[in-house]
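S.K.: Coordinates only, no sequence provided:
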């Protein structure tokens, strides 16, 4: 195991001579560790039994001039399987691993997750809104793992510049911290303190402790260069630009980008979406993931007031092409007890489109149990003559360990040629946790018909009045002879209507889950919907009355069998006007070697009554067969080198087309209009090589090919559809990218 000294670029610290030097090599043997805070009271938190873990874990916390140092000592005697499979950064980890979660300001607003696996693989994430994780962020931190016959140990260093920290000039600071450890073979998670991200309160439950604080500053410049070759048009293109990251102190951070490279080296999932609600995609672009937690303001129904994929997304003058960005800037800091943030981005001009402009500002005050915030956004879209302003006030009150209240009020003001459109929305959520085994949540939402924050945010719908009540209980199986570790159940009631007084279907969702000591899990999900109106499916062309419907799903994740693990499931649901759909899915992961993993999954749907919108007041009723297949390969031929292959195929055949029109009372009736059967075929292949030749410096070689086609007719031979998919070449290009940190 190589050993190296802690370093920081352009870092200034105090009291260096008085501090011993740590070496981050995974071996917790330096004398400095004798001064560390030690945490040993780990309990099982997944499932949330709070019992003694199978094997002991010890965590150490030490403040140094270079950063916050953390160590784990994990007992794992011979005979207990050790799972060391390598995974790409931020991918799901199947093996043994440890986590440290840090809320640097100890205010319950934003925390950071640092995960290190026994295999040396890592994952990092931001946590906002108590328990919402985003792995889009990639931080600059150090780690190493070491093994012995009786266990393994980990050392981490989190530099003082890794995140924004208010009050950075003080000699001491209070941080909130959570440690946990996962046993790969049984999936048991133990942690300190007794908190779980499966519960409504998580970050605010972290353990608070005081540590020494050291001042640090950093300035990094990330120039990049890309070159691509389009094999379809035999065209070549080059591009250059730079990102800048400057942190003069913990209270101020500036991130800027000039002609930023937002080319995709990560492949989005293939999606065929016929719904009225768009598909949400995460964002891995470095500028947008850095210091973004302060701006991460959510709404019920998975809404997001700032959705960064809007910036550099489809052009207003040509939606088939992505907009380029001339420049972007983000400023985060704290002053007089307030956290603040300013965000700006300007898209490039194209023909008649002079480029959209995006602005946002955020102010947050967190004090004790109460936090208050404001967020304002502006999206100026000159090509459409559209300017959208959104203002939101939010508050969270954590009354005590049992009760928490979150609330938000939102206004939108859309200026269009000749008319303006204004809207209002508000929601409140009450979380009640009476004891460790149960919780309840009551959520009330009102969005009027004019509310629209989609120009810079992600809004699934407006015109909604909803009451949602959730009850959840978990029961621990104390008998060690039982194969079961725990049983849990959840019941959720959704009562909804739109702002015009139309009753949307009442929904009752259930979940019954069994977890086993072997690491397997079984889940049963019944869903019941009452009759009611669907006010989205026709895209504003009238209400559609739907009958009551039901669904049930069953899924089983197996324990690990040597080098193989499986999952499979199936379901039955009623859809359309009373027809049935059968679904089946499954997957297998083969850990061929510790540095080579292959995974395959499939999904199948056979529907007898698929109802989708066609145009105006006309809908189509189809029989549908749909197949999706994913193949993935992850290979790590040498340290800091990785090769990934990802293949996705999705095919859909819709036949027995019947045209329907919306009639009186929203009832659908058959009409003798011709409606075509159709076929959708979509394919994507990405081959990606990455060499991490220095900290936060990478060389990528990426080949991508694929396409999408929708054609009239009927085709139920999926082998023929696969042959057709393999010929698709909407995209066929090779990209080389180098990004270097200075």
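M.R.: Right, received. Where do you want to start? Please read all numbers here as calculations on a predicted model, not as lab measurements. Numbers count the residues shown, from 1 in each chain.
S.K.: ok, residues contacting the longest helix along the chain?
M.R.: Longest helix in the chain by number of residues (criterion: DSSP state H): helix 718-726. For helix 718-726, contacts defined as C-beta atoms under 8 Å, 6 or more residues apart in numbering pick out 625, 627, 649, 651, 653, 679, 681, 682, 683, 709, 715. Every residue, glycine included, has its C-beta placed from N, CA and C.
S.K.: what about that helix, distance to the chain center?
M.R.: 32 Å (C-alpha atoms, centre = their mean, to the nearest Å).
S.K.: Determine the set of other helices and strands touching the helix or strand that contains residue 409.
M.R.: Following DSSP states H and E, one finds residue 409 within strand 403-416. Applying 3 or more C-beta pairs under 8 Å, 6 or more residues apart in numbering; DSSP states H and E, one finds that strand 403-416 makes contact with strand 386-397, strand 419-435.
S.K.: which of those strands is buried the deepest?
M.R.: Greatest average neighbour count among the helices and strands packed on strand 403-416 goes to strand 386-397 (a mean of 19), per mean count of other C-beta atoms under 10 Å.
S.K.: Could you pull up the mean pLDDT of it?
M.R.: In this model, strand 386-397 has a mean pLDDT of 96.
S.K.: List the strands paired with that strand, with their directions.
M.R.: The pairing partners recorded for strand 386-397 under DSSP bridges are strand 370-381 (antiparallel), strand 403-416 (antiparallel).
S.K.: Looking at these, spot the one closest to residue 664.
M.R.: strand 403-416 (32.6 Å; C-beta to C-beta).
S.K.: List the buried residues in that closest one.
M.R.: For strand 403-416, burial by neighbour count (16 or more other C-beta atoms under 10 Å) applies to 404, 406, 408, 410, 411, 412, 413, 414.
S.K.: Report the inter-axis angle for it versus strand 419-435.
M.R.: 170 degrees (axes from the mean of the first three to the mean of the last three C-alpha atoms, to 10 degrees).
S.K.: what's around residue 710, how many residues?
M.R.: Using other C-beta atoms under 10 Å, residue 710 has 12 neighbouring residues.
S.K.: dump the residue contacts of it.
M.R.: By C-beta under 8 Å, 6+ apart, residue 710 lies in contact with 678, 679, 680, 681.
S.K.: same check, this time on residue 38
M.R.: 58, 59, 60.
S.K.: which one of the residues you listed is nearest residue 635?
M.R.: Distance to residue 635 across the contacts of residue 38 (C-beta to C-beta) is lowest for residue 59, with 32.6 Å.
S.K.: just checking, that closest one touches residue 74?
M.R.: No. Using C-beta atoms under 8 Å, residue 59 is not in contact with residue 74; the gap is 9.6 Å.
S.K.: quick one: the strands in the stretch 551-700 of the chain?
M.R.: 564-575, 579-593, 596-615, 618-638, 641-662, 668-670, 678-694, 697-712 (DSSP state E, counting those that start in this stretch).
S.K.: re the thing from before, so which of the contacts of residue 38 belong to helices?
M.R.: Assigned to helices by DSSP H, none of those qualify.
S.K.: Any chance of CSV for the residues you listed, columns neighbour count and distance to residue 552?
M.R.: Converted to CSV, these look like this (neighbours: other C-beta atoms under 10 Å; distance: C-beta to C-beta, whole Å):
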residue, neighbour count, distance to residue 552
58, 20, 45
59, 25, 42
60, 21, 48
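S.K.: In CSV: these, plus distance to residue 354 and pLDDT.
M.R.: Shown next, in CSV, are those (distance: C-beta to C-beta, whole Å; pLDDT from 0 to 100):
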residue, distance to residue 354, pLDDT
58, 60, 97
59, 54, 97
60, 56, 97
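S.K.: is it true that residue 453 touches residue 412?
M.R.: Yes. Judged on C-beta under 8 Å, residue 453 makes contact with residue 412 at a distance of 5.4 Å.
S.K.: any residues in contact with both of the two?
M.R.: Any residue near both residue 453 and residue 412 by C-beta under 8 Å, 6+ apart counts here, and that gives 388, 390.
S.K.: Among the helices and strands packed on strand 403-416, single out whichever gets nearest to residue 150.
M.R.: Per C-beta to C-beta, nearest to residue 150 of the helices and strands packed on strand 403-416: strand 419-435, 36.6 Å.
S.K.: What is the burial count for residue 273?
M.R.: Look at residue 273: counted by other C-beta under 10 Å, it has 8 neighbours.
S.K.: Chain neighbours aside, what residue packs nearest to it?
M.R.: In space, and not counting its chain neighbours, residue 273 is closest to residue 279: 5.0 Å by C-beta to C-beta, 6 or more residues apart in numbering.
S.K.: how many other residues sit next to the one you found?
M.R.: 10.
S.K.: Please identify the helix or strand for it.
M.R.: Using DSSP H and E, residue 279 maps to neither a helix nor a strand.
S.K.: my read: it touches residue 272, true?
M.R.: No. In this structure, residue 279 is not within contact of residue 272 by C-beta under 8 Å, at 9.4 Å.
S.K.: Any idea what residue 411 is bridged to?
M.R.: residue 391, residue 424.
S.K.: Let me know the distance separating it from residue 453.
M.R.: Note on residue 411: its distance to residue 453, by C-beta to C-beta, to the nearest Å, is 9 Å.
S.K.: joint contacts of these two?
M.R.: Taking C-beta under 8 Å, 6+ apart as the contact rule, residue 411 and residue 453 both touch residue 390.
S.K.: what sits against the closest residue to residue 347 other than its chain neighbours?
M.R.: Nearest non-adjacent residue to residue 347, counting by C-beta to C-beta, 6+ apart: residue 355, 3.8 Å away. By C-beta under 8 Å, 6+ apart, the contact set of residue 355 is 323, 326, 346, 347, 348, 349, 382.
S.K.: quick one: which of those has the most company?
M.R.: That'd be residue 347 among the contacts of residue 355, by other C-beta under 10 Å, with 24 neighbours.
S.K.: hang on, it packs against residue 322?
M.R.: No. Using C-beta under 8 Å, residue 347 is not in contact with residue 322, being 9.8 Å away.
S.K.: if I look at these two, which residues touch both of them?
M.R.: By C-beta under 8 Å, 6+ apart, residue 347 and residue 322 have these common neighbours: residue 312.
S.K.: hmm, back to that, pLDDT of the strand holding residue 409, averaged?
M.R.: 96.
S.K.: I'd like to check what contacts it. Which residues are they?
M.R.: By C-beta under 8 Å, 6+ apart, strand 403-416 touches 200-201, 204, 297, 299, 305, 385-399, 420-432, 450-453, 455.
S.K.: what about residue 669, neighbour count?
M.R.: 9.
S.K.: same deal with the one 10 residues further on?
M.R.: Residues within reach of residue 679, counting by other C-beta under 10 Å, total 20.
S.K.: what's the helix or strand for the closest residue to it other than its chain neighbours?
M.R.: Leaving aside its sequence neighbours, residue 679 sits nearest to residue 715 (C-beta to C-beta, 6+ apart; 4.7 Å). Using DSSP H and E, residue 715 sits within no helix or strand.
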